[in-house]
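Student: sequence first, predicted model second:
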Amino acid sequence: MDVLAHMMSLMRTKGSLYGRLEFSAPFGFRFPADDGVCIIVTRGSCFLSVDDSPQVSLVGGDFVFLPTPKYYTIRSSPEVSVRSMLEVASQEEFHRTRLITFDGGRGPSTSIVAGCFSLASPERNLLIKHLPPMVHLQGSGSHATPWFQSTLQFIASEVSQNLPGGTAIVDRLAEVLFVQAMRSRIGSSSAADHPSWLHALNDPQIGEAIQLLHAEPERQWTVEDLARSVSMSRSAFAERFRRLVGETPLDHLTQWRMVRAGSMMRATPPMKLADVALATGYESESSFGKAFRRVMGVSPGKYRSHNAALPKVESSGKRTSTGRR
C-alpha cells in the first residue's frame, strides 16, 4: 500500500493565490501569513526566515513550503532590516495584479513566485503537525530531477503570463510539488529531530507497521499484534515507534481512523454513522462518537453538518481559529 498516496487522496490541496515578487537589492520585507505558503525562487537569491527561526539561504531553482507560518521574511542579505510588505503593496493590489515590485537600488535582482497553499480537508492538521516549520527543496538536491525543475519553470511561466485558466494549472502543478515535499520527508536525514510518520516510513519495521495500520484501520490492532507482525518484541517496537513517529501506535491508529471517517462522512452520498463506525474499527456509534470528539473536537453529527466551516483541529482535539486572507 502506498501510504503517502492514500493520505494525499484524502487530504486534498488547494491554492488560493499566486503571484510574482520582483525585487532588486537591498530589500527586506515581512509578509503576513495564516495559511501554508509556497515560495519558488526563479532567479537570483535571497534569505528566508519563518517566524523567529534562523535565516536560510535560497537560490534560483529552490522550492520552499511553509506549513503554518505566522509570518515570514525575505531579504537580500542577512543584515538588511525588514519592514512590512503592506507598506509597499496592499493585499488587494496583489490580488488584482499578481505582482509586487520593489527597486531597492543597483543591487542584484531576485524573482520569486509566492502563493497561499492549504489543505482542503478539515483533518488537515493531523498531517501538518508532522511537518517541520519549513520544507526546503534545493534546486541542486537529489530530488531535483528534470521534471521537478520543469514544473517550477512551468509555474513561473503561468504566473507571469496570467492567462485564462492559469490559476487552475498552477494549483495542479503546486499540488505535485507538495507531494514531492512530503516525499522528501520520508528519506530526509534532517527529519531525525522532528518525529513524524512520514519519516518513519523509511524505517523497514516501523514503516511496515504504519502500512499495516493504514491498510486495515478497522482491525482490532494491539501493540503486541503489530510488534509480532514486524518481528519485534513489544517493548522494543513501542519504544521505536514512539521515538520515530512522536506518538504511540494506537494513538496514530486512532488519528488515521478519524481521517478515514471524515472522508467517508464527506462522501456523496455520505455513509451512515453506524457504517462509518464499523469501517473504522468501532463496535458502536457511541464508542466511535467519543473517539471522534476527542480527536476532532466536535461530534460526528456537527462535523457532518458544518465540515466546510469547521475550525482547524489539533491532535488533542483542541480548536484553533481559521483565518483567511
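Tutor: All right, it came through fine.
Student: what about the strands in the stretch 1-150 of the chain?
Tutor: Using DSSP state E, counting those that start in this stretch, the strands of the stretch 1-150 of the chain run over residues 13-24, 28-32, 36-43, 45-50, 56-59, 63-66, 71-75, 83-84, 99-103, 109-119, 135-137.
Student: partners of the last one, with directions?
Tutor: When you say that, I think you mean strand 135-137. strand 63-66 (antiparallel) (DSSP bridges).
Student: so which bits of the partner strand are buried?
Tutor: 63-66 (16 or more other C-beta atoms under 10 Å). To be clear about C-beta, it is placed using only N, CA and C from the backbone, and glycine gets the same treatment.
Student: contacts only, for residue 48.
Tutor: 39, 55-56, 58, 64, 72-74, 134 (C-beta atoms under 8 Å, 6 or more residues apart in numbering).
Student: buried subset of the residues you listed?
Tutor: 39, 58, 64, 72-74, 134.
Student: what are the buried residues along whatever helix or strand residue 276 lives in?
Tutor: Per DSSP states H and E: residue 276 is located in helix 273-279. Neighbour counts over helix 273-279 (16+ other C-beta under 10 Å) mark 273, 276-279 as buried.
Student: now swap in stretch 2-10 and tell me
Tutor: Result for stretch 2-10 [16+ other C-beta under 10 Å]: buried residues 3-4, 6-8, 10.
Student: same check, this time on stretch 212-230
Tutor: 212-214, 217, 221, 223, 226-227, 230.
Student: tell me how far it is from the chain's mean position?
Tutor: 26 Å (C-alpha atoms, centre = their mean, to the nearest Å).
Student: do stretch 267-284 as well
Tutor: 27 Å.
Student: that stretch: end-to-end distance?
Tutor: Its start and end residues considered, stretch 267-284 measures 20 Å (C-alpha to C-alpha, to the nearest Å).
Student: what's the average pLDDT for it?
Tutor: For stretch 267-284, mean pLDDT is 90.
Student: and stretch 2-14, by the same measure?
Tutor: Mean predicted lDDT for stretch 2-14 stands at 70.
Student: stretch 51-61 too?
Tutor: Average pLDDT, stretch 51-61: 92.
Student: could you pick out the longest helix of this protein?
Tutor: As assigned by DSSP state H, the longest helix anywhere in the chain is helix 166-187.
Student: next helix or strand past that helix?
Tutor: Assigned by DSSP H and E, the successor of helix 166-187 is helix 197-200.
Student: mind saving the C-alpha coords of the helix or strand following that following helix as CSV?
Tutor: Per DSSP H and E, the first helix or strand lying C-terminal to helix 197-200 is helix 204-215. What follows is helix 204-215, C-alpha atoms only, in CSV (Å, rounded to 0.1, in the frame of the first residue of the first chain):
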residue,chain,number,x,y,z
PRO,A,204,11.8,-1.1,7.5
GLN,A,205,9.9,-2.3,10.5
ILE,A,206,8.1,0.8,11.7
GLY,A,207,7.3,1.7,8.1
GLU,A,208,5.8,-1.7,7.6
ALA,A,209,3.7,-1.3,10.8
ILE,A,210,2.4,2.0,9.6
GLN,A,211,1.4,0.5,6.3
LEU,A,212,-0.5,-2.3,8.1
LEU,A,213,-2.4,0.3,10.3
HIS,A,214,-3.3,2.4,7.2
ALA,A,215,-4.3,-0.7,5.2
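Student: now the farthest one out in this structure, which residue is it?
Tutor: Here the chain reaches farthest from its C-alpha mean at residue 106, the gap being 37.1 Å by C-alpha atoms, centre = their mean.
Student: now it: closest residue in space that isn't a chain neighbour?
Tutor: residue 24 (7.5 Å; C-beta to C-beta, 6 or more residues apart in numbering).
Student: what's near enough to touch the one you found?
Tutor: Residue 24 neighbours (C-beta under 8 Å, 6+ apart): 102-110.
Student: quick one on the thing from earlier: of the strands of the stretch 1-150 of the chain, give the one that comes closest to residue 257.
Tutor: strand 109-119 (18.3 Å; C-beta to C-beta).
Student: buried residues in that closest one?
Tutor: Quick answer for strand 109-119 (16+ other C-beta under 10 Å): 110-119.
Student: as JSON lines, the residues you listed with distance to residue 253 and pLDDT would be great.
Tutor: Formatted as JSON lines, the buried residues of strand 109-119 follow (distance: C-beta to C-beta, whole Å; pLDDT from 0 to 100):
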{"residue": "110", "distance to residue 253": "46", "pLDDT": "96"}
{"residue": "111", "distance to residue 253": "45", "pLDDT": "95"}
{"residue": "112", "distance to residue 253": "41", "pLDDT": "94"}
{"residue": "113", "distance to residue 253": "39", "pLDDT": "91"}
{"residue": "114", "distance to residue 253": "37", "pLDDT": "88"}
{"residue": "115", "distance to residue 253": "34", "pLDDT": "83"}
{"residue": "116", "distance to residue 253": "32", "pLDDT": "79"}
{"residue": "117", "distance to residue 253": "28", "pLDDT": "70"}
{"residue": "118", "distance to residue 253": "26", "pLDDT": "69"}
{"residue": "119", "distance to residue 253": "21", "pLDDT": "67"}
